[in-house]
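Asks: I would like the atomic coordinates for the input below:
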Amino acid sequence: MERSVRIGKMLVFVVVAGFILFGVVMGTMYLWNWVIPEVFNGPLINFWQTLGLLALSKIFFWNFGGRCTHQSHNVGPWKYYWRKKWDSMPPEDRERFKQKMKEKWCYKFDEKSPDQSGSANV
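Replies: Numbers count the residues shown, from 1 in each chain. Below is the predicted model:
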């Protein structure tokens, strides 16, 4: 019984994924055929050309399932070095380091400064 349920779920997934892919391709095709010939005097394209265009854009511009590119600044050889260094610091040194970074990078307005009155009327 469990095997037939699993096969049924996979079949439903394949059908739904097929409809979603078909909808994305058709939407892209209609959008292309509505905008590109009018704006750039370009050609009209059919379903298969649109599918090829989407495949090319996937190859050229998207990531193929690896790590996310917007998080690439978190990976690399220095991450593990600094994590190890941070973990070996005593709590007092950590707090001192945090305070130094806050003073250096987190600017706070001096509330008693007369030129920072908070009003927009100058």
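Asks: show me where the protein has its helices.
Replies: 2-40, 47-61, 77-88, 91-105 (DSSP state H).
Asks: I'd like those as CSV, with mean neighbour count and mean pLDDT appended.
Replies: (Glycine included, C-beta is placed from N, CA and C.) Converted to CSV, the helices of the chain look like this (neighbours: other Cβ atoms under 10 Å; pLDDT from 0 to 100):
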stretch, mean neighbour count, mean pLDDT
helix 2-40, 11, 94
helix 47-61, 12, 92
helix 77-88, 9, 85
helix 91-105, 10, 88
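Asks: so what touches stretch 22-32?
Replies: The contact list for stretch 22-32 (Cβ atoms under 8 Å, 6 or more residues apart in numbering) reads 45-47, 50-51, 53-54.
Asks: now do 6 Å
Replies: Residues outside stretch 22-32 that contact it (Cβ atoms under 6 Å, 6 or more residues apart in numbering): 45, 50-51.
Asks: many thanks, we can stop here.
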